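**Q** A predicted structure for the sequence below; I have some questions about it.
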Amino acid sequence: MRFYVFLVFVLSSGLMGLKAQEEANLLIKDGVNAMVEKDYSKSLELLNQAKELAIKNQWYEQQFLAINNIGANYYNMLDYGKALEYYLEAYTIAIKDLEPQQEMIVLNNIAILYSKEEKFDKSEEYFLKAYDIAKKNNATVNLSIYAINLASVANKKNELSKARSFLDEAINLSQESPDFLLEAKALLVENYLLRDNTESSKRLAFELLPQLNNVTNSELKNNLLLLISRAFEKENHIEDAISYAEMSVEASITLESKINAFERLSNLLTKNESYIAALNIKDSLIIAKEKLNTINDGQLFERSKEKFEIENYRKELNDQQQEIEKERKAFYTILGAALLLFLLIIWALRNQILKNKQRKILEKRNQEILTLELEKEKNENLLLEKQLKSEIESKNRKLSAKALFLSDRNKLVTTIISELEANNTLEHSSTIKQHIKNLKSYLKTDEEWDSFIKHFEEVNQGFLSNLKRKHTSINANDIRFISYVYMDLSPKEIATVFNITPEACRKRKERISKKLGLGESNDLYHYLASL
């Protein structure tokens, strides 16, 4: 039975409004469409472009979508190892930065890969994780899909009661989803067959077949035909079993389904002693397997093994046909040749196993070295980042203290000037007037502000220039206010610096937040910290 792989490209409406992200979204959408059209080269190119753009701008949802669909490309190309690598990367992003919806989607995809490798315990583990998340979040459609996938794994593990329980749930949840309902019922056909209830299995299969005439359901139709063939074989109706196996061959579209159909038909023909027809099917089988192995990174040993099996099958058939006619000498000659061939294959197999072991050891060691190097680099970067952040915070604290000191000094100077000017007895003293003039010179803040800005830019490199580039409508006073917010001064401290009331400070913060396009003024500090 097939599993449902999620090809995700539906984005949240909030993201679609941002022009910078629309390019990444369009790349993902075009990449998925190319994958559906089986143009995997174009799809991978587009999705990798979207991935790089998303990483550069820290768009986690776009990163997830691009990486998950890159994995889906490799899955469709039958490169399951590469697909698992990308699915695990997408899973890391999902659990760290996204919602349960994305997490359960990639969990399902990872489980399918383990099923393809026949690691059913591991597959069941990941399907159950996705199933539990869907149940917790009342995701009915996803829940029905995961129940179908869990039932398929249970059938393969021959846990038939568990499979039936998941199938009952899937059928109940899929009443409004015809494709899912068909899939669940097809698994029920298999469940009946595994219980040796061939009559129920065939009856349900014949009921479903007329509903599977479109291309979308071709794989499901192929599977049902194979199940019917198996049911007839269990009843010892070999001719009927052969007939439905032949129909399965005709209905097959993918290489995998065609190989399954060829193998079944070949076994049935051999059982029926139709050796010539079986040999022809074996030829077709080896051709299909060679194509599949080429796609799967050219597994030379597997192709050689299948070729040897066909050649050995030819020799056995030839031996049977010439057994009466040939003399004992010819028989020993063939036997000697077969033995020599067998020894050659054993020798070749031994060499191949040794090479594979050596290659795996080298790969493991290289991977361990790479992991250690990456971990060391990561730790060094984290340490450097912490040191830099601590240094910036320390310098910002000094700037904050200086700003508050200047504000307090200016207040004191203003108070002194006011008291001196209010004192009539000192009004005509030239010395006092000179002192008042000198004190007023301390109140000129332009040079102090320029000095403050210079030091602020040295500490927070690029912050103000980046702010001005993104928000051209802000003025110098806004920038000064924003700088104090960025240094995490309290509203009371900022009000002191500007010599305004806390209420006026709050209103100015609301006005600046609106200028920056923020909904709430409480978001201002977090927004500035993200620049």
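**A** Sure thing, it's come through. Numbers count the residues shown, from 1 in each chain.
**Q** residue ranges with poor pLDDT in the stretch 401-531 of the chain?
**A** 401-414, 420-422, 424-428, 437, 439-451 (pLDDT under 70).
**Q** all helices of it, in order?
**A** 430-442, 446-459, 463-470, 476-486, 491-498, 502-515, 524-530 (DSSP state H, counting those that start in this stretch).
**Q** in a markdown table, list the ones you listed along with distance to K116.
**A** To be clear about C-beta, it is placed using only N, CA and C from the backbone, and glycine gets the same treatment. A markdown table is the format used below for the helices of the stretch 401-531 of the chain (distance: least, Cβ to Cβ, whole Å):
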| stretch | distance to K116 |
| --- | --- |
| helix 430-442 | 78 |
| helix 446-459 | 54 |
| helix 463-470 | 47 |
| helix 476-486 | 52 |
| helix 491-498 | 59 |
| helix 502-515 | 52 |
| helix 524-530 | 41 |
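**Q** which one, of the ones you listed, ends up nearest to A134?
**A** helix 524-530 (32.1 Å; Cβ to Cβ).
**Q** how distant is the closest one from the center of its chain?
**A** Here the centre of helix 524-530 is set off from its chain's centre by 29 Å, with Cα atoms, centre = their mean, to the nearest Å.
**Q** for it, which positions count as buried?
**A** 524, 528 (16 or more other Cβ atoms under 10 Å).
**Q** still on that earlier bit, how about the helices of the stretch 401-531 of the chain, which one is nearest D97?
**A** Among those, the nearest to D97 by Cβ to Cβ is helix 524-530 (14.0 Å).
**Q** just the CA coordinates for that closest one, please, in PDB.
**A** Presented in PDB, the C-alpha positions along helix 524-530 are these (Å, rounded to 0.1, in the frame of the first residue of the first chain):
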ATOM      1  CA  LEU A 524       9.100  48.600  20.000                       C
ATOM      2  CA  TYR A 525      12.100  47.300  22.000                       C
ATOM      3  CA  HIS A 526      11.800  43.700  20.600                       C
ATOM      4  CA  TYR A 527      11.500  45.100  17.100                       C
ATOM      5  CA  LEU A 528      14.600  47.300  17.600                       C
ATOM      6  CA  ALA A 529      16.500  44.300  19.100                       C
ATOM      7  CA  SER A 530      15.800  42.300  15.900                       C
END
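**Q** which helices and strands does it pack with?
**A** helix 476-486, helix 502-515 (3 or more Cβ pairs under 8 Å, 6 or more residues apart in numbering; DSSP states H and E).
**Q** ok, which of those helices comes nearest Q175?
**A** Evaluated with Cβ to Cβ, those place helix 502-515 nearest to Q175, the distance being 49.6 Å.
**Q** can you check what angle separates that closest one from helix 491-498?
**A** Helix 502-515 runs at 100 degrees relative to helix 491-498, counting by axes from the mean of the first three to the mean of the last three Cα atoms, to 10 degrees.
**Q** what is helix 502-515 packed up against?
**A** helix 476-486, helix 491-498, helix 524-530.
**Q** for I346, give its distance to I353.
**A** Going from I346 to I353 by Cβ to Cβ, to the nearest Å gives 10 Å.
**Q** hey, what's in contact with both of the two?
**A** Residues touching both I346 and I353 (Cβ atoms under 8 Å, 6 or more residues apart in numbering): there are none.
**Q** that older thread, make TSV out of the helices and strands packed on helix 502-515 and add distance to C505.
**A** Below are the helices and strands packed on helix 502-515 laid out as TSV (distance: least, Cβ to Cβ, whole Å):
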stretch	distance to C505
helix 476-486	8
helix 491-498	4
helix 524-530	12
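**Q** closest to E368 out of these?
**A** Among these, helix 524-530 comes nearest to E368, with 36.8 Å by Cβ to Cβ.
**Q** do you know which of the helices and strands packed on helix 502-515 lies nearest L167?
**A** helix 524-530 (48.4 Å).
**Q** got a list of contacts for the closest one?
**A** Applying Cβ under 8 Å, 6+ apart, the external contacts of helix 524-530 come out as 467, 482, 485-486, 488, 509, 512-513, 516, 518.
**Q** which among these gets closest to L227?
**A** Nearest member of the contacts of helix 524-530 to L227, counting by Cβ to Cβ, is L518, at 60.0 Å.
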